[in-house]
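J.: here is a sequence with its predicted model. Questions after.
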Amino acid sequence: MNMDDTALVIVDVQGKLAFQVDRSINVLENVKILIKAARLYELPVVMVEQCPRDLGSTVPEIKGLLPDVEPAEKNTFNACKSEDFLSRVQQSGKKQLLVAGIEAHVCVYQTVAGLLQHDFQVYVASDAVSSRTAWNRDTALARMREMGAVITTTEMALFELVKIAAGERFRQFIQIVK
(Lines give C-alpha, C1' and ligand atoms only; values in the text may rest on other atoms or scores of the structure.)
Protein backbone atom coordinates (compact mmCIF):
# COMPACT_ATOMS: atom_id res chain seq x y z
CA MET A 1 0.00 0.00 0.00
CA ASN A 2 1.06 3.55 -0.54
CA MET A 3 -0.21 6.78 0.93
CA ASP A 4 -0.90 8.44 -2.42
CA ASP A 5 -3.27 5.75 -3.64
CA THR A 6 -5.16 4.56 -0.54
CA ALA A 7 -8.58 5.34 0.90
CA LEU A 8 -10.24 3.95 4.02
CA VAL A 9 -13.63 2.25 3.72
CA ILE A 10 -15.78 1.77 6.85
CA VAL A 11 -18.64 -0.73 6.46
CA ASP A 12 -21.74 -0.75 8.69
CA VAL A 13 -20.34 0.00 12.15
CA GLN A 14 -23.86 0.69 13.38
CA GLY A 15 -26.39 0.31 16.11
CA LYS A 16 -26.50 -2.49 18.65
CA LEU A 17 -24.75 -4.93 16.31
CA ALA A 18 -21.49 -2.99 16.62
CA PHE A 19 -21.38 -4.11 20.26
CA GLN A 20 -22.60 -7.68 19.65
CA VAL A 21 -19.83 -8.85 17.35
CA ASP A 22 -16.94 -10.97 18.59
CA ARG A 23 -14.27 -8.80 20.26
CA SER A 24 -16.37 -5.68 19.68
CA ILE A 25 -14.32 -3.40 21.93
CA ASN A 26 -11.08 -4.32 20.14
CA VAL A 27 -12.70 -3.96 16.73
CA LEU A 28 -14.11 -0.52 17.55
CA GLU A 29 -10.73 0.61 18.94
CA ASN A 30 -8.99 -0.51 15.75
CA VAL A 31 -11.55 1.22 13.55
CA LYS A 32 -10.94 4.40 15.55
CA ILE A 33 -7.17 4.03 15.11
CA LEU A 34 -7.63 3.61 11.35
CA ILE A 35 -9.81 6.72 11.17
CA LYS A 36 -7.46 8.85 13.27
CA ALA A 37 -4.46 7.82 11.17
CA ALA A 38 -6.40 8.40 7.94
CA ARG A 39 -7.28 11.89 9.15
CA LEU A 40 -3.69 12.62 10.18
CA TYR A 41 -2.39 11.61 6.76
CA GLU A 42 -5.34 13.13 4.89
CA LEU A 43 -6.57 9.88 3.36
CA PRO A 44 -10.11 9.90 1.99
CA VAL A 45 -12.65 8.03 4.11
CA VAL A 46 -15.81 6.49 2.67
CA MET A 47 -18.40 5.24 5.13
CA VAL A 48 -21.51 3.18 4.41
CA GLU A 49 -24.54 2.15 6.48
CA GLN A 50 -26.96 -0.74 6.00
CA CYS A 51 -30.61 0.33 6.33
CA PRO A 52 -29.87 2.91 9.07
CA ARG A 53 -33.56 3.58 9.79
CA ASP A 54 -33.93 -0.05 10.84
CA LEU A 55 -30.48 -0.94 12.18
CA GLY A 56 -29.41 2.41 13.62
CA SER A 57 -26.77 4.82 12.45
CA THR A 58 -23.01 4.60 12.79
CA VAL A 59 -22.07 4.41 16.47
CA PRO A 60 -21.24 7.79 18.02
CA GLU A 61 -17.62 6.90 18.85
CA ILE A 62 -16.97 6.36 15.12
CA LYS A 63 -19.25 9.03 13.69
CA GLY A 64 -17.74 11.58 16.08
CA LEU A 65 -14.36 11.10 14.40
CA LEU A 66 -15.91 11.74 10.98
CA PRO A 67 -18.28 14.69 11.44
CA ASP A 68 -17.79 15.79 7.83
CA VAL A 69 -18.33 12.33 6.28
CA GLU A 70 -21.94 11.56 5.43
CA PRO A 71 -22.44 7.79 5.21
CA ALA A 72 -23.73 6.34 1.97
CA GLU A 73 -26.90 4.34 2.60
CA LYS A 74 -27.52 0.89 1.19
CA ASN A 75 -29.98 -1.94 1.44
CA THR A 76 -27.78 -4.47 -0.33
CA PHE A 77 -25.11 -6.51 1.41
CA ASN A 78 -22.59 -5.64 -1.32
CA ALA A 79 -22.14 -1.87 -0.95
CA CYS A 80 -20.96 -1.69 -4.57
CA LYS A 81 -24.59 -2.28 -5.59
CA SER A 82 -25.25 1.19 -4.16
CA GLU A 83 -24.46 3.77 -6.84
CA ASP A 84 -23.88 6.38 -4.13
CA PHE A 85 -21.25 4.27 -2.36
CA LEU A 86 -19.50 3.17 -5.54
CA SER A 87 -19.46 6.74 -6.82
CA ARG A 88 -17.86 7.98 -3.59
CA VAL A 89 -15.18 5.32 -3.75
CA GLN A 90 -14.46 6.10 -7.39
CA GLN A 91 -14.43 9.87 -6.72
CA SER A 92 -11.72 9.34 -4.11
CA GLY A 93 -9.43 8.64 -7.06
CA LYS A 94 -7.74 5.85 -5.09
CA LYS A 95 -7.20 2.29 -6.29
CA GLN A 96 -6.10 0.79 -2.97
CA LEU A 97 -8.79 0.44 -0.34
CA LEU A 98 -8.26 -0.43 3.29
CA VAL A 99 -11.52 -1.95 4.60
CA ALA A 100 -12.88 -2.23 8.14
CA GLY A 101 -16.36 -2.93 9.52
CA ILE A 102 -19.03 -5.48 10.30
CA GLU A 103 -20.24 -8.11 9.74
CA ALA A 104 -17.21 -9.77 8.18
CA HIS A 105 -19.13 -12.68 6.65
CA VAL A 106 -21.98 -10.61 5.19
CA CYS A 107 -21.54 -6.96 4.22
CA VAL A 108 -17.76 -6.75 4.52
CA TYR A 109 -17.29 -9.97 2.54
CA GLN A 110 -19.75 -9.05 -0.22
CA THR A 111 -18.46 -5.47 -0.43
CA VAL A 112 -14.88 -6.69 -0.73
CA ALA A 113 -15.99 -9.04 -3.52
CA GLY A 114 -17.67 -6.11 -5.27
CA LEU A 115 -14.63 -3.86 -4.90
CA LEU A 116 -12.38 -6.56 -6.32
CA GLN A 117 -14.75 -6.95 -9.29
CA HIS A 118 -14.36 -3.21 -9.89
CA ASP A 119 -10.57 -3.68 -10.06
CA PHE A 120 -9.66 -2.12 -6.72
CA GLN A 121 -6.77 -3.50 -4.68
CA VAL A 122 -8.42 -4.40 -1.39
CA TYR A 123 -6.75 -4.70 1.99
CA VAL A 124 -8.81 -5.94 4.94
CA ALA A 125 -7.74 -5.01 8.47
CA SER A 126 -8.48 -8.36 10.10
CA ASP A 127 -8.55 -6.91 13.61
CA ALA A 128 -10.98 -4.15 12.53
CA VAL A 129 -13.64 -6.49 11.13
CA SER A 130 -15.81 -8.96 12.97
CA SER A 131 -18.98 -11.01 13.04
CA ARG A 132 -21.19 -12.23 15.84
CA THR A 133 -19.09 -15.42 15.88
CA ALA A 134 -15.36 -15.90 15.43
CA TRP A 135 -16.14 -18.81 13.11
CA ASN A 136 -17.94 -16.55 10.64
CA ARG A 137 -15.22 -13.87 10.85
CA ASP A 138 -12.41 -16.36 10.28
CA THR A 139 -14.19 -18.03 7.39
CA ALA A 140 -14.92 -14.65 5.80
CA LEU A 141 -11.27 -13.60 6.06
CA ALA A 142 -10.20 -16.86 4.41
CA ARG A 143 -12.72 -16.40 1.59
CA MET A 144 -11.67 -12.77 1.04
CA ARG A 145 -8.03 -13.88 0.82
CA GLU A 146 -9.01 -16.55 -1.72
CA MET A 147 -10.75 -13.87 -3.82
CA GLY A 148 -7.59 -11.74 -3.91
CA ALA A 149 -7.92 -9.36 -0.97
CA VAL A 150 -4.83 -8.82 1.16
CA ILE A 151 -5.51 -9.69 4.79
CA THR A 152 -3.56 -7.46 7.14
CA THR A 153 -3.92 -5.89 10.57
CA THR A 154 -4.54 -2.31 11.64
CA GLU A 155 -0.95 -1.62 12.68
CA MET A 156 0.60 -3.61 9.86
CA ALA A 157 -1.39 -1.66 7.27
CA LEU A 158 -0.72 1.72 8.86
CA PHE A 159 3.03 1.17 9.22
CA GLU A 160 3.11 -0.04 5.61
CA LEU A 161 1.46 3.23 4.57
CA VAL A 162 3.62 5.48 6.78
CA LYS A 163 6.93 3.85 5.76
CA ILE A 164 9.25 6.38 7.49
CA ALA A 165 9.83 6.83 11.24
CA ALA A 166 10.60 10.55 11.15
CA GLY A 167 8.98 13.93 11.46
CA GLU A 168 6.25 15.59 13.49
CA ARG A 169 3.44 13.73 11.75
CA PHE A 170 5.09 10.41 12.61
CA ARG A 171 5.31 11.47 16.27
CA GLN A 172 1.57 12.15 16.19
CA PHE A 173 0.99 8.82 14.45
CA ILE A 174 2.82 6.91 17.18
CA GLN A 175 0.48 8.46 19.75
CA ILE A 176 -2.48 7.14 17.75
CA VAL A 177 -1.26 3.54 17.56
CA LYS A 178 0.02 3.33 21.16
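T.: It's in.
J.: show me the beta-bridge partners of the residue nearest to the spatial centre of the chain.
T.: In the chain, the centroid-proximal residue (C-alpha atoms, centre = their mean) is Ala100; its distance is 2.4 Å. Beta-bridge pairing for Ala100 (DSSP bridges): Ile10.
J.: in this protein, which spans are helices?
T.: Under the criterion DSSP state H, the chain contains helices at 24-40, 52-55, 60-63, 83-91, 109-117, 134-147, 154-162, 168-177.
J.: can you put the ones you listed in TSV and add mean pLDDT, mean neighbour count and distance to Ala125?
T.: Placement of C-beta: from N, CA and C, glycine included. Compiled in TSV, the helices of the chain are given as follows (pLDDT from 0 to 100; neighbours: other C-beta atoms under 10 Å; distance: least, C-beta to C-beta, whole Å):
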stretch	mean pLDDT	mean neighbour count	distance to Ala125
helix 24-40	98	20	6
helix 52-55	88	12	22
helix 60-63	95	16	14
helix 83-91	97	17	17
helix 109-117	98	22	12
helix 134-147	98	16	10
helix 154-162	97	19	5
helix 168-177	95	12	12
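J.: residue contacts, the residue nearest to the centre of the chain?
T.: 8-11, 13, 30-31, 34, 124-125, 128-129, 154 (C-beta atoms under 8 Å, 6 or more residues apart in numbering).
J.: for Pro60, state which of the residues you listed is nearest.
T.: Taking C-beta to C-beta as the measure, Pro60 sits nearest to Val13 out of the contacts of Ala100, at 10.7 Å.
J.: check contacts around the closest one.
T.: 28, 31, 58-59, 62, 100-102.
J.: one more: Val89?
T.: Val89 neighbours (C-beta under 8 Å, 6+ apart): 7, 9, 46, 80, 97, 115, 120.
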